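>>> need coordinates for the below:
(one chain, ligands or ions: 1)
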Amino acid sequence: MQIKTRKAFFTLISVIGHWSAGPGVEFASDIAPILHHHCLICHDESSNKGGYRIDTLRGIFEPGSSNLWPVSPGSLTQSHLWNLLNHPDANERMPQKSEPLPKESLQLIHQWIEDGAKLGGHALSQSLLEVIPRPDYPSAPRNYSRPYPADALEFSGDGSQLLASGVNEILVHSCDDSSPILRIGNLPQRIYKILRDPVRGGYIIAAGTPGQLGELLYLRPDLKTILTLLRCQDGYFDVCLTSDKHWLIAAEATGRIQILKWPSGTLHRSIPAHADWVTSLVARDHQGFPRVYSGSRDRSIKSFKVPEGEIELNWVNLEKPVMRLAIHPTTNTAAALLHRNSSSMLWDLEKGKRIGNLNLPTGEIACLHQTGPNLWIGGSDGSLHMVDDSWRKIQKTWSLSPSPAIAITKHPHSSHMALSHLNGQISVIDTDQSTTFPTRPNQP
Ligand code: HEC
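Below you'll find the model as predicted:
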């Protein structure tokens with residue numbers, strides 16, 4: 001027992017022995033990201049472990065059930081948080097159930113507390129997510145040498161604008177006019193999905209700079225302020241909301257599926273779901289409970305209970321990586337695009353078996369888009385196809401452009417749809433009237 005205590009004592013000393021005073025520590029850029037990444041999952045409004053919350057800056061300083069001051073400015077020994085970070089007993093140490101914080105992070109927290117635990121001008125009422133600074137991305141090119149093929153498209157709530165991904169930016173097009181009316185910059189190089197937030201009217205952006213940093217972002221309705229919801233290596237490829245709008249689910253290049261509370265944006269559960277990129281997500285209610293289906297480059301399709309993260313279905317060893325997934329709301333049919341420019345496979349979800357293929361009259365399937373029971377297909381010949389209600393055959397086709405389709409979106413309250421093409425053009429069509437609007441180049 002004595003040896004154990006002494007060993008713990010020396011461990012503590014040796015950890016503390018590493019400190020060296022560096023330049024001033026900034027709360028927002030140095031401390032907040034550590035708390036966000038390692039602690040928020042158990043210490044937000046709903047998890048509230050140990051009665052301790054750090055989702056607002058005020059909470060960081062308020063004692064939990066121990067009644068000990070978590071952070072005493074200037075005094076490490078009287079800072080319960082610091083003592084827990086360095087606790088010799090792994091069961092007591094924070095972050096609980098994981099490795100100790102990296103040495104560099106401990107060093108920053110050490111210095112921050114010693115320097116007086118200052119907030120650098122941020123108010124106690126601010127949320128933790130709000131104060132974390134975003135990286136400075138390269139500015140978007142002033143002019144594009146050619147129109148940019150948009151991976152992500154989304155209509156504004158009133159349908160008057162169309163948001164399309166550019167290089168390190170989003171271009172906002174007016175639906176009536178042919179040139180973009182706004183450029184939203186300081187974004188990762190590639191934007192894979194733009195999802196309108198029906199709760200607050202902003203947009204959720206799944207994006208990343210390959211090989212560097214992935215960001216899941218929230219663009220406020222003012223189209224100016226951008227907040228970081230999550231970060232990972234590489235990128236976020238897809239994002240969806242459950243039908244009750246309480247849960248936001250994000251697909252990571254790391255193979256993880258992240259479940260966030262919405263609209264607060266705090267991370268609720270992180271599921272190590274796949275062995276490779278999660279490329280596509282669909283949220284769907286099953287017997288009154290939300291569920292998420294995921295497709296991955298690891299050639300599998302899985303489903304998980306939301307928000308528990310418990311796995312339900314697991315189909316592995318598909319012929320090819322899964323690019324896009326669609327789930328019929330009533331017939332237990334899943335449509336999976338197995339890689340760009342292939343036919344799409346149809347699956348019976350209950351029986352877990354393949355029940356057929358979706359084929360186009362001409363060309364190959366390049367992208368899928370689902371709105372409720374309606375399934376839309378973009379073809380390699382640039383056309384748009386509507387699939388029949390049972391998802392067995394093509395019901396209607398519109399020829400829009402000779403260039404292959406990349407992404408499709410639909411305005412939820414009208415019959416307007418937009419299709420982006422490999423040549424950087426965007427087609428807009430009213431599918432009820434079958435009237436097409438002039439195609440527009442996706443460039444500033
Ligand atoms: C996996 C969940 C989990 C993670 C992650 C986690 N904690 Fe905790 N934390 C807990 C639990 C559980 C307790 C309550 C422990 C107890 O009462 O014995 C707690 C208690 C605390 C307390 C004491 C509150 C009080 O007054 O009793 C502090 C401070 C704290 N955690 C800080 C942190 C920090 C800082 C991090 C990130 C570096 C972190 N925690 C990460 C689960 C977690």
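
>>> for the rest of this, base every contact and every neighbour count on C-alpha atoms.
Will do.

>>> same question for stretch 334-354, mean pLDDT?
On average, the pLDDT along stretch 334-354 is 80.

>>> CA atoms only: put it into PDB for me.
Extracted C-alpha coordinates of stretch 334-354, given in PDB (Å, rounded to 0.1, in the frame of the first residue of the first chain):
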ATOM      1  CA  ALA A 334     -32.900   0.300 -49.000                       C
ATOM      2  CA  ALA A 335     -31.300   1.600 -52.100                       C
ATOM      3  CA  ALA A 336     -27.500   1.800 -52.100                       C
ATOM      4  CA  LEU A 337     -25.300   3.400 -54.700                       C
ATOM      5  CA  LEU A 338     -22.300   1.200 -54.500                       C
ATOM      6  CA  HIS A 339     -19.900   3.500 -56.300                       C
ATOM      7  CA  ARG A 340     -20.300   6.400 -58.700                       C
ATOM      8  CA  ASN A 341     -21.400   5.300 -62.100                       C
ATOM      9  CA  SER A 342     -22.800   1.900 -61.200                       C
ATOM     10  CA  SER A 343     -26.300   0.600 -60.900                       C
ATOM     11  CA  SER A 344     -27.800   0.900 -57.500                       C
ATOM     12  CA  MET A 345     -28.700  -2.200 -55.500                       C
ATOM     13  CA  LEU A 346     -32.000  -2.700 -53.700                       C
ATOM     14  CA  TRP A 347     -32.200  -4.400 -50.400                       C
ATOM     15  CA  ASP A 348     -34.900  -5.800 -48.200                       C
ATOM     16  CA  LEU A 349     -34.100  -4.400 -44.800                       C
ATOM     17  CA  GLU A 350     -36.000  -7.000 -42.700                       C
ATOM     18  CA  LYS A 351     -34.700 -10.000 -44.600                       C
ATOM     19  CA  GLY A 352     -31.300  -8.500 -45.100                       C
ATOM     20  CA  LYS A 353     -31.100  -9.600 -48.700                       C
ATOM     21  CA  ARG A 354     -30.700  -8.200 -52.100                       C
END
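
>>> can you list the neighbours in contact with that stretch?
315, 319-328, 332-333, 355-360, 364-368, 380 (CA atoms under 8 Å, 6 or more residues apart in numbering).

>>> then stretch 191-208?
Residues outside stretch 191-208 that contact it (CA under 8 Å, 6+ apart): 151-157, 163, 165-166, 168, 187-190, 214-223, 234-240, 245, 250, 263.

>>> now, of these, which are buried?
151-157, 163, 165-166, 168, 187-190, 214-220, 234-240, 250 (16 or more other CA atoms under 10 Å).

>>> give me the subset of these lying in strands.
Here DSSP state E is the test, and the buried ones among the contacts of stretch 191-208 give 153-155, 163, 165, 190, 214-219, 236-240, 250 as lying in strands.

>>> the ligand contacts on the chain?
Contacts of the chain with the ligand, taken as CA under 6 Å from any ligand atom, map to 35, 38-39, 41-42, 49-50, 52, 63-68, 70, 80-81, 94-97.

>>> coming back round to it: among the contacts of stretch 334-354, which are located in helices?
Using DSSP state H, no member of the contacts of stretch 334-354 falls within helices.

>>> filter these down to just the ones in strands.
Here DSSP E is the test, and those give 315, 324-327, 333, 355-358, 365-368 as lying in strands.

>>> quick one: which of these is nearest the ligand?
The ligand lies nearest to Trp315 out of the ones in strands among the contacts of stretch 334-354, by CA to the nearest ligand atom, at 29.6 Å.

>>> strands along the stretch 201-350 of the chain, start to end?
Applying DSSP state E, counting those that start in this stretch to the stretch 201-350 of the chain gives strands spanning 203-209, 213-219, 226-232, 236-241, 247-252, 256-261, 267-272, 278-286, 289-296, 301-305, 311-315, 324-327, 333-337, 344-348.

>>> dump these into a markdown table; add distance to Glu130 as well.
Below are these laid out as a markdown table (distance: least, CA to CA, whole Å):
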| stretch | distance to Glu130 |
| --- | --- |
| strand 203-209 | 15 |
| strand 213-219 | 10 |
| strand 226-232 | 6 |
| strand 236-241 | 20 |
| strand 247-252 | 18 |
| strand 256-261 | 16 |
| strand 267-272 | 14 |
| strand 278-286 | 26 |
| strand 289-296 | 27 |
| strand 301-305 | 29 |
| strand 311-315 | 32 |
| strand 324-327 | 32 |
| strand 333-337 | 37 |
| strand 344-348 | 41 |
